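>>> when you get a sec, could you give me coordinates for this:
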Amino acid sequence: MVEQFDSREEKIENVQQALGNPIEINACMNIRSHETAAGIPLLCVADKVYTDCEDSHTIIFGSTGSKKTRLIIMPTVRLLGLAGENMIVIDPKAELYERTAYDLKCRGYTIIAINFRDPSLGNCWNPFDIPYTFYKEGNFDRSYEFVNDIVNNIMLDSVSISDPFWDHSAADLLFGLILMMFDLCKNKSKKEGMVDYDSHKEADSFSDSDVNVSTIFKLRNKQFINNAIASSLFWKKENQKNSLIAVSLMGTVTAPLSKTQPSILSTFDQKMRMFMLQENLTAMMSCSDFSLKNFGALNKKNALYVIMPDEKTTYHKLVSLFIKQSYEYLIYQAQQLEKKSFSTRINYLLDEFASLPAINDFPAMISAARSRNIRFNIVIQSQSQLFQKYRDDADTIKSNCNNWIFLTSRELSLLKELESLCGTIDGKHYLYSVSRLQHLKKEEGEALLLCRRLYPFLTRLYDINKYDGYDTINRENWKKLDMMRTSSHKKKFSNFRDISIKELFRGE
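Below is the predicted model of the structure:
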């Protein structure tokens, strides 16, 4: 049985006392304003917004058109900007970047945009950069962990139930090719007896700049034409050492040439097809022009936007890979600090979280994040999406979120769960019934809030227009920022050696 407060005013007062000092809405429009800490908006009253400044994770439920972006995500970015907290934002439509990036830049933030919607714009991100750095330093175990994450996200995001052999064989092949690439580039010279890697290179050596997906394609193509690698001195030496490279490639190198090996290579090519669809994507992922080390650096403010197309899922696995890799690297960086925690908080804002491929070990990630001063804010359209991707782990993810915000849904299982969690009045009537939860007032920003150990509460949240006075913003400023990024990006790619898809697979 749940206590019923006498009035809405008493409920508001209870939440206000628990959340502490509010933030003035007008401060969001003043570049000189600063807050010591901020978080997701939980209650708006008059010209004040109450946020969760603690280390609690948050999950937001809202179907399409529920205004979850305008009521919660965009305001959260603005509020975090006031406090100078670092953030990594998943941006399905690029609207978060377009609405908030200029304000953050004016506040001294370094703006990074990984753009899977249009890879010709934004920053470069090479997923091999971090594991290769560990490999060069001799930290092989750490390097292999990151390589394994890459392989799992690209090759094993979906596995055939009837015959998983081909998927796992293709995964082993990719693992082996990545380590082969690392080994060749680290030693900066071609292995004796190795089949010619690139007849167009003037020098007969590798360099760190060759650590990219293009090299993976070329190694796959050159070394498996007529199974050339099997007779190379490189393979014989690696096989004698029983190295991880040899073990990983063994299944493909020794496979029968009639059907098995071609089938493994075909599965490999199919999984890697997303890199073939856009040469701009391959170029964008050929190098990294930013460092995640800066996210843990003192007195540095960073906002990283991962822009992805929401109308197709082709590149969603790369988004999941970035979330996983960035988190693992940040945890590694935190472990090097004296307090094992970042002094400035790092916030993940994961919009459309349940539409992404499942992130390996995410329940463990969200459990361990708080002690490193990392906070997750997860946005999902439906609970069934979450259960489909994470199965039994979905309950663990939800239970690790101290804040639940519900906007609207027709999902009966979710409505009934919320109805039960909110409790009853005098043991007879639900405090917030399924019917009431389906009739929250969208235009008034009404939402159900389950916050920490507070009583359930129907809160009201302001639209983003209330925070930034969008109608008065000089739109030319947005154009200047966008043109700056475009110009910088084109200049950067003018130095990239263009490699056509035909060249990657020509076999000569």
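>>> what about residue 124, how many neighbours?
By the criterion of other C-beta atoms under 10 Å, residue 124 has 21 neighbours. Where you see a C-beta, it was placed from the backbone N, CA and C, and this is true even at glycine.
>>> what are the ranges of the strands in the stretch 51-200 of the chain?
All strands of the stretch 51-200 of the chain, identified by DSSP state E, counting those that start in this stretch, fall at 57-61, 86-91, 110-115.
>>> tabulate those strands (TSV), appending mean neighbour count.
Formatted as TSV, the strands of the stretch 51-200 of the chain follow (neighbours: other C-beta atoms under 10 Å):
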stretch	mean neighbour count
strand 57-61	25
strand 86-91	26
strand 110-115	21
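>>> in CSV, list these along with mean pLDDT and distance to residue 367.
As requested, these are arranged in CSV below (pLDDT from 0 to 100; distance: least, C-beta to C-beta, whole Å):
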stretch, mean pLDDT, distance to residue 367
strand 57-61, 96, 9
strand 86-91, 96, 18
strand 110-115, 95, 26
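>>> okay, now the unreliable bits of the stretch 51-200 of the chain?
Flagging of the stretch 51-200 of the chain using pLDDT under 70 yields the residue ranges 189-200.
>>> how about the helices in it?
Using DSSP state H, counting those that start in this stretch, the helices of the stretch 51-200 of the chain run over 68, 74-83, 95-106, 129-136, 140-155, 165-187.
>>> deepest-packed of those, please.
Burial among the helices of the stretch 51-200 of the chain, expressed as mean neighbours by mean count of other C-beta atoms under 10 Å, is greatest for helix 74-83, which shows a mean of 25.
>>> want to throw the helices of the stretch 51-200 of the chain into CSV with distance to residue 276?
Output for the helices of the stretch 51-200 of the chain, formatted as CSV (distance: least, C-beta to C-beta, whole Å):
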stretch, distance to residue 276
helix 68, 35
helix 74-83, 34
helix 95-106, 27
helix 129-136, 21
helix 140-155, 13
helix 165-187, 15
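>>> walk me through the domains of the chain.
8-119+291-471, 129-281+490-504 (automatic domain parsing).
>>> tell me the most buried of the ones you listed?
That would be domain 8-119+291-471, which, of the domains of the chain, has the most neighbours on average (mean count of other C-beta under 10 Å), namely a mean of 18.
>>> ends of stretch 304-319, what's the gap?
End-to-end distance for stretch 304-319: 13 Å, by C-alpha to C-alpha, to the nearest Å.
>>> now tell me what touches it from outside.
Residues outside stretch 304-319 that contact it (C-beta atoms under 8 Å, 6 or more residues apart in numbering) are 87-94, 96-97, 101, 111-118, 122, 127, 153-154, 157, 274, 277, 281, 290, 295, 322-323, 352, 355-357.
>>> again with stretch 149-168
Contacts of stretch 149-168 from elsewhere in the structure, counted by C-beta under 8 Å, 6+ apart, are 127-128, 131, 170-171, 174-175, 178, 263-264, 267-268, 271-272, 317-318, 320-321, 324-325, 328, 357-358, 360.
>>> how about stretch 172-180?
When contacts are taken as C-beta under 8 Å, 6+ apart, the neighbours of stretch 172-180 outside the stretch itself are 128, 131, 144, 147-148, 150-151, 154-155, 216, 219-220, 244-252, 264-265, 268, 271-272.
>>> out of the helices of the stretch 51-200 of the chain, which gets nearest to residue 400?
helix 74-83 (18.6 Å; C-beta to C-beta).
>>> and that closest one with helix 95-106, angle?
An angle of 20 degrees separates the directions of helix 74-83 and helix 95-106 when computed by axes from the mean of the first three to the mean of the last three C-alpha atoms, to 10 degrees.
>>> and helix 74-83, how far out from the chain middle?
Averaging C-alpha positions (C-alpha atoms, centre = their mean, to the nearest Å) puts helix 74-83 19 Å from its chain's average.
>>> what is it packed up against?
Contact partners of helix 74-83 among helices and strands, from 3 or more C-beta pairs under 8 Å, 6 or more residues apart in numbering; DSSP states H and E: strand 41-45, strand 48-51, strand 86-91, helix 95-106, strand 346-350, helix 464-468.
>>> repeat the analysis, applying 7 Å as the threshold.
Counting by 3 or more C-beta pairs under 7 Å, 6 or more residues apart in numbering; DSSP states H and E, the packing neighbours recorded for helix 74-83 are strand 41-45, strand 86-91, helix 95-106, helix 464-468.
>>> mean confidence for the first one?
Along strand 41-45, the predicted local confidence has a mean pLDDT of 92.
>>> paired strands for it, with orientation please.
Sheet pairing here is set by DSSP bridges, and for strand 41-45 it gives strand 48-51 (antiparallel).
>>> start and end of stretch 212-231, how far apart?
For stretch 212-231, the first and last residues are 26 Å from each other (C-alpha to C-alpha).
>>> could you do stretch 41-58 as well?
Using C-alpha to C-alpha, one end of stretch 41-58 lies 11 Å from the other.
>>> for it, give me every contacting residue.
Residues lying outside stretch 41-58 but in contact with it, judged by C-beta atoms under 7 Å, 6 or more residues apart in numbering, are 12, 15-16, 19-20, 22-26, 37-40, 72, 75-76, 79, 366, 370, 373, 375-377, 400-403, 405, 449, 451-452, 459-462.
>>> can I take it that residue 405 is in a strand?
Yes. Under DSSP: H, G, I helix; E, B strand; the rest coil, residue 405 sits within a strand.
>>> can you tell me the element residue 280 falls in?
The secondary structure element spanning residue 280 is helix 279-284 (assigned by DSSP states H and E).
>>> which helices and strands sit right next to that helix?
Based on contacts counted as 3+ C-beta pairs under 7 Å, 6+ apart, there is no element that helix 279-284 packs against.
>>> now do the contacts for the spatially most central residue of the chain.
Among the residues of the chain, the smallest C-alpha distance to the mean C-alpha position (C-alpha atoms, centre = their mean) belongs to residue 323, namely 3.0 Å. When the contact criterion is C-beta under 7 Å, 6+ apart, the partners of residue 323 are residue 359.
>>> for it, helix, strand, or coil?
At residue 323, secondary structure determined by three-state DSSP is helix.
>>> quick one: it from residue 141, how far?
Here the distance between residue 323 and residue 141 works out to 22 Å (C-beta to C-beta, to the nearest Å).
>>> hang on, the earlier thing: residue 286 is nearest to which of the helices of the stretch 51-200 of the chain?
For residue 286, the closest of these is helix 129-136, at 10.1 Å, according to C-beta to C-beta.
>>> let's see that closest one as CSV, backbone CA atoms only.
Taking C-alpha atoms only, helix 129-136 is exported to CSV below (Å, rounded to 0.1, in the frame of the first residue of the first chain):
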residue,chain,number,x,y,z
ASP,A,129,43.5,2.6,-33.4
ILE,A,130,43.2,1.8,-29.7
PRO,A,131,44.0,-2.0,-30.0
TYR,A,132,46.9,-1.3,-32.3
THR,A,133,48.3,1.2,-29.8
PHE,A,134,48.2,-1.4,-27.0
TYR,A,135,49.7,-3.9,-29.5
LYS,A,136,52.7,-1.6,-30.2
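>>> how far out from the middle of the chain is that helix?
Between the centre of helix 129-136 and the centre of its host chain there is 20 Å, according to C-alpha atoms, centre = their mean.
>>> thank you kindly, that will do.
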